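J.: Could you work out the structure for the sequence below:
(2 chains)
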Number of protein chains: 2
Amino acid sequence: MKQVLAELITIGDEILYGQIVDTNTQWMSVELGKVGIKVIRKTTLGDVESEILKGFAEAESRADIILITGGLGPTSDDLTKPCMAKYFNCEIKLHEEALAELTAFFKSRGRELSDTNKLQAYLPACCTKITNSLGTAPGMWFEKNARLPEGQGKVFMSMPGVPYEMKRMMTDHVIPRLKAKYKLPVIAHQVIRTVGIGESVIADKIMDWEKSLPPHIRLAYLPSIGEVRLRLTGIGEDEKKLKTEIEGLSQKLIPLVGEYIYGYGEEPLEVAVGKLLREKGLTLSIAESCTGGYLSHLITSVPGSSQYFLGSMIPYDYQIKMRQLGVRPEVLEQYGAVSEPTIIEMANIVRAKFNTDVGVATSGIAGPGGATPEKPVGLVWIAYSDKHHTVTKKLQLSTDRLLNIQAASVAVLNLIRTSLPQ
Amino acid sequence: MKQVLAELITIGDEILYGQIVDTNTQWMSVELGKVGIKVIRKTTLGDVESEILKGFAEAESRADIILITGGLGPTSDDLTKPCMAKYFNCEIKLHEEALAELTAFFKSRGRELSDTNKLQAYLPACCTKITNSLGTAPGMWFEKNARLPEGQGKVFMSMPGVPYEMKRMMTDHVIPRLKAKYKLPVIAHQVIRTVGIGESVIADKIMDWEKSLPPHIRLAYLPSIGEVRLRLTGIGEDEKKLKTEIEGLSQKLIPLVGEYIYGYGEEPLEVAVGKLLREKGLTLSIAESCTGGYLSHLITSVPGSSQYFLGSMIPYDYQIKMRQLGVRPEVLEQYGAVSEPTIIEMANIVRAKFNTDVGVATSGIAGPGGATPEKPVGLVWIAYSDKHHTVTKKLQLSTDRLLNIQAASVAVLNLIRTSLPQ
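T.: Purely as a prediction, here's the structure:
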């Protein structure tokens, strides 16, 4: 089977000049890899017509699929659309369906369609319009030599550079269309999600298992804040057989690092914790100080979280910790806001006040200010409370404010996971 | 003056397959831009010799300077060094000075130099070694046609992919060498940050101004959720003159779209709002429902925010809105949680309870669930309250939960900015 090759082209001076970091192509590479399409090159081009046209031709000479992001706005520095029309030698015309969608999009937001925005409904006549359900610039799908046998034609696909618009378009339209058009090998993935263990520690624990992997199955370590995902990728021709093999290998990890595994696949920790709460019929409240809302945001980023999450208090100020949350002044005065006695009070009080089954709390020095010799930046206390027990944990994180906020929030999610009644 | 052009090449399957995000080239672009070197293309290539050699030749045909990162490790999948030797047709030899540096590097960490690591001291004979003060792989500087007049020769520079090693090498060695070799122009940037106005509406309002820009100054629109940044980039020879010119053009935007401009340069909206609160000596509290903690997170992501932010309540559940926050049951029952009367109560009550100068609130249908025929997904009410007045705003956002949370939070920040007492 011929391998299907893709190139990714990002268009925009803002990326070339470093005003923004391109995160789109990383996500796209992963999604294409999942369906067996191999990315062989990524190119970023500026807002210059001749460069864009040359880039298209070069990519076409190497790859089957050319995925383009960016340069689709309605303003004069956005050149992707005119370049595509020129490259495919067809004129730009008003697309009635695109206009109807655009008008509806603006109407749903209570806004009038401006003349500049109306330009978004003009598309090269030779493309297939792809709906952008989250924005105003439609995607454009072009085929070259579409009448050739399966897998021999080329596809150019232009998408907006706005990440959430591009992702939705890839997931809902582009990937399904590519799967329908090309004969792709069978690729099977399994992602094993762990939390509370570092990359090198996990590597030591699973070393023998890793060495025993067959050559057609590869392992990758994907670390993020507080977490390490292990991704197994297998390539083959018999989907069922490959999946069974990967599933078997994945099972063998349970005796080695099972206590750190919170889930599989795409489900993040906040979803896994939400499921546990829902399954057990328990409700949650939060008193978060140093995490400043981020922990509640993680919890509430999950659709349906209102079924188990009732509310939070963010007692950022010392006075608010006493007067609004109700931490006893003598505890705060004797031990300070960042201490085990205070964090225990915070978790217990929020649980009682909000009348929930579980209460959790955070208090720490996020930095860069606020440190003392005894309480350095990165010191965070977290606590879990239910009717059976109260569990606390002391963390010593980094010197980076945002990293501390994120890592402490992940640590609380893991504390909930490991402390809930069985 | 001939403009000096650079291309950036990143080598490594881990970037091509999406295992890591390339942040190096963004930083490099900014640093090169500061000294007047224009990046015209970025390319990511896999660990394949033929692809790398082709990529070098293509880049050389377009640019004066080719900066390469990655593929310098001591393992067999690291191909940059053999490819450079092949491309420049010279053999790889032990470099005595590199070996001495490498030995010292390991010694300073109390480690022995292994045979694998010793390979790092072998370099192509035709390159100039560039010291890597933070790691083991030296940089390699190659010149082509070095005897040609100034600015006509080409430079190839290979650096490690580890970000902090690359950054130190660029700052200490590469940028100074490039400045010495080429005659470079002056580049100046100005970023004007707007909020509360769409890209196309702003484009309509500043159309005449945009058309009047001189050819050596370019405008770019950089949209993100709820915001649009306008970037002016000028190129010239006299730095002071160019900066004055750009500043003058930037000033002319004030009568056109001044009410939407919240700042300049790199400072995000949450920092600008924090500064306003601090300057006016005002404190803030938040009652956020549909935004679920994200608004508080934005505010508290700013170092020093504890000076003006006292705390939040997240009354996610209906009962918590009444019992903990204190919204009157008759208001909730008559108008519902997502309504103007309720949002006014929420903002006023949190301000009174938390004893702050300003109180803000959010309540809406983030989605995907919770909608009714009268209250669709994306409907959000926000409110601002201080002792002078209460301001409300009804938003109709998208169908995407996370986007609604983010857009509503940005809208509140803008409501604070525009509603604070003068």
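
J.: what does the stretch 301-422 of chain A put close to chain B?
T.: Residues of the stretch 301-422 of chain A lying close to chain B (Cβ under 8 Å from any Cβ of the partner chain) are A:301, A:303-306, A:309-317, A:319-320, A:324, A:353-355, A:366-370, A:401-402, A:405. All C-beta atoms are positioned from the backbone trio N, CA, C, and that covers glycine.

J.: try it again with 10 Å
T.: A:301-307, A:309-321, A:323-325, A:350, A:353-356, A:366-370, A:401-402, A:405-406, A:409 (Cβ under 10 Å from any Cβ of the partner chain).

J.: Now intersect those with the strands, please.
T.: Within those, residues falling in strands by DSSP state E are A:309, A:310, A:311, A:312, A:313, A:314.

J.: which among those gets closest to residue A:75?
T.: Set against residue A:75, the nearest of those by Cβ to Cβ is residue A:314 (39.6 Å).

J.: my read: that closest one touches residue B:311, true?
T.: Yes: taking Cβ atoms under 10 Å as the definition, residue A:314 is a contact partner of residue B:311 at 5.2 Å.

J.: between the two, who's got more neighbours?
T.: More neighbours surround residue A:314 than the other of residue A:314 and residue B:311, with 33 against 27 (other Cβ atoms under 10 Å in any protein chain shown).

J.: Can you lay out the ones in strands among the residues of the stretch 301-422 of chain A next to chain B as TSV showing pLDDT and distance to residue B:268?
T.: Listed next are these as TSV, based on pLDDT from 0 to 100; distance: Cβ to Cβ, whole Å:
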residue	pLDDT	distance to residue B:268
A:309	98	28
A:310	98	31
A:311	98	28
A:312	98	24
A:313	98	26
A:314	98	20
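
J.: Just put those in JSON lines and tack on distance to residue B:254.
T.: Formatted as JSON lines, these follow (distance: Cβ to Cβ, whole Å):
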{"residue": "A:309", "distance to residue B:254": "44"}
{"residue": "A:310", "distance to residue B:254": "47"}
{"residue": "A:311", "distance to residue B:254": "43"}
{"residue": "A:312", "distance to residue B:254": "40"}
{"residue": "A:313", "distance to residue B:254": "41"}
{"residue": "A:314", "distance to residue B:254": "36"}
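
J.: Help me confirm that residue A:382 is found in a strand?
T.: Yes: under DSSP: H, G, I helix; E, B strand; the rest coil, residue A:382 falls within a strand.

J.: what's the neighbour count on it?
T.: 28.

J.: Was I right to think it contacts residue A:361?
T.: Yes: between residue A:382 and residue A:361 a contact is recorded at 6.9 Å, counting by Cβ under 10 Å.

J.: Which neighbours do those two have in common?
T.: Here residue A:382 and residue A:361 have A:288, A:291, A:295, A:343, A:346, A:347, A:392, A:412 as joint contacts, going by Cβ atoms under 10 Å, 6 or more residues apart in numbering or on different chains.

J.: As TSV, those residues with neighbour count would be great.
T.: Converted to TSV, those look like this (neighbours: other Cβ atoms under 10 Å in any protein chain shown):
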residue	neighbour count
A:288	33
A:291	31
A:295	30
A:343	30
A:346	31
A:347	29
A:392	17
A:412	26
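
J.: Secondary structure class of residue A:193, three-state.
T.: Three-state call for residue A:193 (three-state DSSP): strand.

J.: Nearest residue to it in space, please, no chain neighbours.
T.: Nearest residue to residue A:193, sequence neighbours excluded (Cβ to Cβ, 6 or more residues apart in numbering or on different chains): residue A:263, at 4.7 Å.

J.: what's the helix or strand containing the one you found in contact with?
T.: Using DSSP states H and E, residue A:263 sits within strand A:261-264. For strand A:261-264, the surrounding residues in contact (Cβ under 10 Å, 6+ apart) are A:190-197, A:227, A:229-230, A:247, A:250, A:253-254, A:268-269, A:271-273, A:275-276, A:413-414, A:417-418.

J.: same thing but 6 Å
T.: A:192, A:193, A:194, A:195, A:269, A:272, A:417 (Cβ atoms under 6 Å, 6 or more residues apart in numbering or on different chains).

J.: wait, what's in contact with the fifth one?
T.: In this case it means residue A:269. Counted by Cβ under 6 Å, 6+ apart, residue A:269 has contacts A:195, A:262, A:413.

J.: List the contacts of the residue of the stretch 101-250 of chain A found nearest chain B.
T.: Nearest residue of the stretch 101-250 of chain A to chain B (Cβ to the nearest Cβ) works out as residue A:116 at 4.0 Å. For residue A:116, the contact set (Cβ under 6 Å, 6+ apart) comprises A:74, B:200, B:203, B:204.

J.: Now residue A:105: which helix or strand?
T.: helix A:96-108.

J.: what about that helix, average pLDDT?
T.: Per-region confidence: helix A:96-108 scores 92 on mean pLDDT.

J.: Could you confirm whether that helix reaches chain B?
T.: No: under the criterion of Cβ under 6 Å from any Cβ of the partner chain, chain B is not reached by helix A:96-108; the shortest gap measures 6.8 Å.

J.: so which of the contacts of residue A:116 would you say is closest to residue A:68?
T.: Distances from residue A:68 to the contacts of residue A:116, taken as Cβ to Cβ, are shortest for residue A:74 (17.2 Å).

J.: Get me the contact residues on the stretch 101-250 of chain A for chain B.
T.: Listed as neighbours of chain B in the stretch 101-250 of chain A under the rule Cβ under 6 Å from any Cβ: A:109, A:110, A:114, A:116, A:117, A:134, A:164, A:220.

J.: I'd like to know which of these are buried.
T.: A:116, A:117, A:134, A:164 (16 or more other Cβ atoms under 10 Å in any protein chain shown).

J.: I'd like these as JSON lines, with pLDDT appended.
T.: Output for those, formatted as JSON lines (pLDDT from 0 to 100):
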{"residue": "A:116", "pLDDT": "83"}
{"residue": "A:117", "pLDDT": "86"}
{"residue": "A:134", "pLDDT": "89"}
{"residue": "A:164", "pLDDT": "91"}
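
J.: which ones among the residues you listed are found in helices?
T.: A:116, A:117, A:164 (DSSP state H).

J.: OK, contacts around the second one?
T.: Residues in contact with residue A:117, defined by Cβ under 6 Å, 6+ apart, are A:74, B:200.

J.: where's it relative to residue A:106, distance?
T.: To residue A:106, residue A:117 is 7 Å away according to Cβ to Cβ, to the nearest Å.

J.: do the last one as well
T.: Distance of residue A:164 to residue A:106, computed by Cβ to Cβ: 18 Å.

J.: The first one now?
T.: According to Cβ to Cβ, residue A:116 and residue A:106 sit 12 Å apart.

J.: per-residue confidence for the closest residue to residue A:421 other than its chain neighbours?
T.: On the basis of Cβ to Cβ, 6+ apart, the spatially nearest residue to residue A:421 that is not a chain neighbour turns out to be residue A:388, at 5.9 Å. pLDDT for residue A:388: 97.

J.: What residues sit buried inside the strand or helix carrying residue A:235?
T.: Following DSSP H and E, one finds residue A:235 within strand A:227-236. Neighbour counts over strand A:227-236 (16+ other Cβ under 10 Å) mark A:227, A:228, A:229, A:230, A:231, A:232, A:233, A:234, A:236 as buried.

J.: ok, so of the ones in helices among the buried ones among the residues of the stretch 101-250 of chain A next to chain B, who is nearest residue B:210?
T.: Taking Cβ to Cβ as the measure, residue B:210 lies nearest residue A:116 of those, at 11.7 Å.

J.: three-state assignment of the spatially closest residue to the closest one that is not a sequence neighbour?
T.: Nearest non-adjacent residue to residue A:116, counting by Cβ to Cβ, 6+ apart: residue B:200, 4.0 Å away. Here residue B:200 is helix, with the state taken from three-state DSSP.

J.: Quick one: residues contacting residue B:200.
T.: Shown in contact with residue B:200 (Cβ under 6 Å, 6+ apart): A:74, A:114, A:116, A:117.

J.: How much space separates the spatially closest residue to residue A:206 that is not a sequence neighbour from residue A:243?
T.: In this structure, residue A:206 finds its nearest non-sequential neighbour in residue A:256, 5.3 Å apart by Cβ to Cβ, 6+ apart. Note on residue A:256: its distance to residue A:243, by Cβ to Cβ, is 21 Å.
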